[in-house]
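Undergrad: Starting from these lines, generate the structure:
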Amino acid sequence: MHSSESGRVRAIILTTQRTGSTFLVGCLRSHPEIECAGEILNGQPDDPRPAYRGPFRQAVKAMRILHTGAWRAGHYMDAYFRRGAARVRCFKAMYNQLARPFATRYLSENRDIRIIHLRRHNLLKVHVSTLLMDKRKELQATAATETVWITVDPDKAIERMRKARARYESFDRIFEHHPRLQIAYESLIDGQGLQEDTQRRICDFLGVGQFEMQSPLVKLNPEALRDMVTNYDELSATLSRTEFAGMLE
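TA: Predicted coordinates:
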């Protein structure tokens with residue numbers, strides 16, 4: 001079922017960890033013309049649920065992928081897009097999930113699929129937030145949570161940020177022939193809703209009516225890196241001599 005044949009708009013949120021993608025999924029789900037799922041390529045159900053964070057999470061994820069048939073990525077995505085009744089069907093696809101056989105191939109062959117490419121410009125905050133994942137039992141919150149602290153290796157941070165930047169650029173090239181909308185984390189969140197301009201751009205891009213979209217989630221970590229990083233002064237001294245100096249703010 002292609003959008004040109006049925007009026008159905010097919011879309012994905014293309015992203016990586018700690019970019020506000022779960023918040024965006026929640027907002028899109030609040031729109032009456034949009035059905036949006038989480039990481040279906042990990043075998044998650046159409047109705048997003050909190051991810052299992054226990055010691056066997058990798059085994060649980062592998063079993064879920066095998067059980068649901070998500071390992072047949074093209075077939076699985078096609079089946080997802082055929083379900084439901086809303087004008088727009090959308091799900092979240094992480095960069096690493098598209099490395100699986102036939103996942104990128106399916107998306108590349110279906111150029112009507114609209115790509116919301118979500119990034120976070122501050123790659124340092126992405127790195128710090130990723131490090132904090134292993135220190136938290138839950139990766140999202142609906143109310144204020146206690147601050148967690150982390151020590152950051154400056155050299156590893158620089159290496160990871162350069163890789164993250166290259167990865168974003170690589171996927172942007174892969175989908176250059178698709179309808180694309182680039183969205184930044186920094187222009188995403190306004191309390192528990194989307195920033196007005198971002199909301200307008202998304203609705204226009206997906207061809208749905210303007211609607212005030214909301215998510216039940218709130219920000220998990222403090223805004224200031226100094227309030228999360230125990231060795232902030234060391235990190236700042238090293239990064240201030242690199243192209244990432246502006247990300248210390």
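
Undergrad: Helix, strand, or coil at Ala11?
TA: What DSSP: H, G, I helix; E, B strand; the rest coil gives for Ala11 is strand.

Undergrad: and it, bridged to which residues?
TA: Note on Ala11: beta-bridge partners by DSSP bridges are Cys90, Arg114.

Undergrad: how close does it get to Val88?
TA: 6 Å (C-beta to C-beta, to the nearest Å). All C-beta atoms are positioned from the backbone trio N, CA, C, and that covers glycine.

Undergrad: same check, this time on His121
TA: Taking C-beta to C-beta, one finds His121 at 26 Å from Val88.

Undergrad: Run through who's touching stretch 20-32.
TA: Stretch 20-32 has contacts (C-beta atoms under 8 Å, 6 or more residues apart in numbering) with 13, 15, 34-38, 48, 86, 88, 90, 92, 116, 118, 120, 139-140, 183, 185, 188-189, 193-194, 199, 202-203, 208, 211, 213-217.

Undergrad: Mind checking which of the residues you listed land in helices?
TA: In helices, defined here by DSSP state H, the members of these are 199, 202-203.

Undergrad: Let me know the closest of the residues you listed to Pro179.
TA: Ile202 (12.5 Å; C-beta to C-beta).

Undergrad: for stretch 173-190, which positions count as buried?
TA: By 16 or more other C-beta atoms under 10 Å, the buried positions in stretch 173-190 come out as 175, 178, 181, 183, 185, 188-189.

Undergrad: Among these, which pair sits farthest apart?
TA: For the buried residues of stretch 173-190, the farthest-apart pair by C-beta to C-beta is His178 and Ile189; their separation is 25.3 Å.

Undergrad: neighbour-wise, which of Ala11 and Val88 wins?
TA: Set Ala11 next to Val88 and count neighbours by other C-beta atoms under 10 Å: Ala11 wins out with 26 against 21.

Undergrad: Isn't the more buried one up against Leu206?
TA: Yes: if you go by C-beta atoms under 8 Å, Ala11 and Leu206 touch, sitting 6.2 Å apart.

Undergrad: shared neighbours, those two?
TA: Taking C-beta under 8 Å, 6+ apart as the criterion, Ala11 and Leu206 both touch 88, 90, 114.

Undergrad: Leaving out the residues flanking it, which one is nearest to Glu39?
TA: Nearest residue to Glu39, sequence neighbours excluded (C-beta to C-beta, 6 or more residues apart in numbering): Lys92, at 5.5 Å.

Undergrad: Can you report how many residues lie near that neighbour?
TA: Using other C-beta under 10 Å, the number of residues around Lys92 comes to 25.

Undergrad: re the thing from before, okay, and the common contacts of Ala11 and Val88?
TA: Joint contacts of Ala11 and Val88 (C-beta under 8 Å, 6+ apart) are Leu206.

Undergrad: So what's the gap between the lengthiest helix in the chain and the chain middle?
TA: As assigned by DSSP H, the longest helix anywhere in the chain is helix 154-174. On the basis of C-alpha atoms, centre = their mean, to the nearest Å, helix 154-174 sits 15 Å off its chain's mean C-alpha point.

Undergrad: Which elements pack onto it?
TA: Secondary-structure packing of helix 154-174 (3 or more C-beta pairs under 8 Å, 6 or more residues apart in numbering; DSSP states H and E): strand 114-119, helix 123-133, helix 232-239.

Undergrad: ranking those by burial, who's on top?
TA: Burial of these is given as mean neighbour count (mean count of other C-beta atoms under 10 Å); strand 114-119 ranks first at a mean of 22.

Undergrad: what helix or strand is Met77 on?
TA: helix 73-82 (DSSP states H and E).

Undergrad: for that helix, which positions count as buried?
TA: Per 16+ other C-beta under 10 Å, helix 73-82 contains these buried residues: 73-74, 76-77, 80-81.

Undergrad: Columns pLDDT and distance to Arg226 on top of the residues you listed, output as a markdown table?
TA: What follows is these, written out as a markdown table (pLDDT from 0 to 100; distance: C-beta to C-beta, whole Å):
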| residue | pLDDT | distance to Arg226 |
| --- | --- | --- |
| Ala73 | 95 | 42 |
| Gly74 | 95 | 46 |
| Tyr76 | 95 | 43 |
| Met77 | 97 | 42 |
| Tyr80 | 97 | 42 |
| Phe81 | 97 | 44 |
